[in-house]
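*Asks:* sequence and predicted structure, then a few things I'm wondering about:
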Number of protein chains: 2
Amino acid sequence: MDEIDKKILTALQQDARTTHKELSAIAGISTTPVYERVKRLEREGVIKRYVALLDKKKVGKALTVISMVTLKSHKKDVIDKFHEHVLAMPEVMECYHMAGNYDYMLKVLVNDMEEYQKLLVEDLARTEAIANIQSMFVMGEVKQETAYNL
Amino acid sequence: MDEIDKKILTALQQDARTTHKELSAIAGISTTPVYERVKRLEREGVIKRYVALLDKKKVGKALTVISMVTLKSHKKDVIDKFHEHVLAMPEVMECYHMAGNYDYMLKVLVNDMEEYQKLLVEDLARTEAIANIQSMFVMGEVKQETAYNL
DNA sequence: GTTGAAAGAAAAGTAGG
DNA sequence: CCTACTTTTCTTTCAAC
C-alpha cells in the first residue's frame, strides 16, 4: 500500500461513488491503473464493502444506548451463546469484547426509551449468560466517522 | 417512507453498488420509480452518503479504545472547545455526549498501545477541559454493523 | 506506469400510458 | 405507478507505447 493507494482509499471512504476519472485526478495517475488498484484493494479485502449510510433520526432510530455487560461466567459455551444472541439482535449495531471492568460493550439503536426498556427487560435481562447490564444513554452526537485516517 | 422505500434502503445499506435494475427486482417496481425514489431519499437526506468500508487491521488500525471522558466544567465555552478538539482528532471515530456518570464517550482507533499512550499523554490529557479519562480497551469484535433495521 | 479506443452496462432523463 | 426509448456517463477490457 503506497501513497497512491491511500489517496484512492481516502476518497472512496468519503464517497464510494467517486468515479475512476475523479480518482485518477486525485491520485495523479490515469484511469486504467486506478481501475486495477481499486480491483486489487477489493480482492485483497482492504475494501470490505460499499454501503449507504442513513440518517438515523430520519429512519426513526432516535435513541442510542451504550450498554456495558458483565457475564456470569467466562466459559466458552456461555460466551458463544451470548455472541450468538447479540448477533441475532438487529438493534445491536456494535458489540466489543472488552478488557477491564466490563466484559462487553454494546451500542444499541432503538426508536425510544420504551423500546429500549422492552429490549432490556424482555430480551437482554432474560439472557442466562448476563450477570449485569449498565446502560448509558446518548444525549448528543459530537462526531461519527467511518473513514480511517491513512 | 413505505415498504418499497424500506426495501430499497435495506439493499443499499448492505451494498451501495446495487443497481437500479437489481433494486427494481427487490422492490417489485420498475427501474424508473426506483430511480426517482432513490433520488428522493438522497434529496431528503434519508440517505446521507455512500462510503467504502475498509478492513481496519489491513490499514493498520488494530487497536480500538473506548475512552470515557469527564469534563472539568459544563460551561458552554469549555464544551465548545472540547468538541472542536475532538472533531480535529482523526483518531477519534465517534464521540457522544452522555447522560449519567461520564460526560463523553469516545471511540478511538490507533495502530497500537504506544500510539494510544502518546495520544492520551500528549493530546487528551493536556486538554484544559478534561478532568478525567477512563480508557477501556477492545480485545475482540463480536459485531460491527452500519445498517439500521427498518 | 502511460494513452487511446471500444464494447457493454448503468445512470439519468424523456415521453406516453 | 408502468413500459419503452434516448443520451450520457462510467465501467471494463484491450492494444500499443
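*Replies:* The structure has been received and is ready for your questions.
*Asks:* spatially nearest residue to the residue positioned nearest the centre of chain A (excluding sequence neighbours)?
*Replies:* By Cα atoms, centre = their mean, chain A has its centre lying nearest to residue A:94, at 5.4 Å. Closest residue to residue A:94 apart from its sequence neighbours, by Cβ to Cβ, 6 or more residues apart in numbering or on different chains: residue A:107 at 4.1 Å. C-beta coordinates here come from the backbone N, C-alpha and C atoms, glycine included.
*Asks:* the one you found - that's part of a helix, no?
*Replies:* No. Assigned with DSSP: H, G, I helix; E, B strand; the rest coil, residue A:107 falls outside any helix and is strand.
*Asks:* returning to what we had before: who's the residue nearest to the centre of chain A bridged to?
*Replies:* residue A:107, residue B:144 (DSSP bridges).
*Asks:* correct me, but it touches residue B:145?
*Replies:* Yes. The pair residue A:94 / residue B:145 is scored as a contact, 6.8 Å apart, by Cβ atoms under 8 Å.
*Asks:* measure the residue nearest to residue A:94 to residue B:105 for me?
*Replies:* The gap separating residue A:107 from residue B:105 is 9 Å, by Cβ to Cβ, to the nearest Å.
*Asks:* residue contacts, the residue sitting furthest away from the middle of chain A?
*Replies:* Distance from the centre of chain A peaks at residue A:30, with 33.4 Å (Cα atoms, centre = their mean). Residues in contact with residue A:30 (Cβ atoms under 8 Å, 6 or more residues apart in numbering or on different chains) are residue A:24.
*Asks:* what's the answer for residue A:115, then?
*Replies:* Counting by Cβ under 8 Å, 6+ apart, residue A:115 makes contact with A:63, A:91.
*Asks:* and what about it, helix, strand or coil?
*Replies:* Put simply, residue A:115 is helix when judged by three-state DSSP.
*Asks:* now it: how far from residue A:123?
*Replies:* Distance from residue A:115 to residue A:123, counting by Cβ to Cβ: 11 Å.
*Asks:* next: residue A:111.
*Replies:* To residue A:123, residue A:111 is 15 Å away according to Cβ to Cβ.
*Asks:* with residue A:6 instead?
*Replies:* 42 Å.
*Asks:* and the residue farthest from the centre of chain A, backbone torsions?
*Replies:* Dihedral pair for residue A:30: phi -80, psi 170, per degrees, to the nearest 10.
*Asks:* what residue spans form the domains of chain A?
*Replies:* Domain assignment for chain A, taken from automatic domain parsing, gives A:3-43, A:63-137.
*Asks:* where's residue A:78, which helix or strand?
*Replies:* helix A:76-88 (DSSP states H and E).
*Asks:* and that helix, how far from the chain's centre?
*Replies:* Relative to its chain's centre, helix A:76-88 lies at 18 Å (Cα atoms, centre = their mean, to the nearest Å).
*Asks:* for it, name the packing helices and strands.
*Replies:* strand A:63-71, strand A:92-98, strand A:104-110, strand B:130-144 (3 or more Cβ pairs under 8 Å, 6 or more residues apart in numbering or on different chains; DSSP states H and E).
*Asks:* so what touches that helix?
*Replies:* A:69, A:71-72, A:92, A:95, A:104, A:106, A:127-130, B:142-143.
*Asks:* go again using 7 Å as the cut-off
*Replies:* By Cβ atoms under 7 Å, 6 or more residues apart in numbering or on different chains, the surrounding residues in contact with helix A:76-88 are A:71-72, A:92, A:95, A:106, A:127, A:129, B:142-143.
*Asks:* quick check: the farthest pair among those?
*Replies:* Farthest pair in the contacts of helix A:76-88 (Cβ to Cβ) is A:72 and B:143. Separation: 20.4 Å.
*Asks:* who's in contact with the residue nearest to the centre of chain A?
*Replies:* Here residue A:94 is in contact with A:106-107, B:143-145 (Cβ under 7 Å, 6+ apart).
*Asks:* turn the residues you listed into a markdown table, including pLDDT.
*Replies:* Output for the contacts of residue A:94, formatted as a markdown table (pLDDT from 0 to 100):
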| residue | pLDDT |
| --- | --- |
| A:106 | 98 |
| A:107 | 98 |
| B:143 | 98 |
| B:144 | 97 |
| B:145 | 97 |
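*Asks:* selection in ChimeraX covering whichever of the residues you listed are buried, please.
*Replies:* Per 16 or more other Cβ atoms under 10 Å in any protein chain shown, the buried members of the contacts of residue A:94 correspond to this ChimeraX selection:
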select /A:106,107 /B:143,145
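*Asks:* and residue A:57, how many neighbours?
*Replies:* 11 (other Cβ atoms under 10 Å in any protein chain shown).
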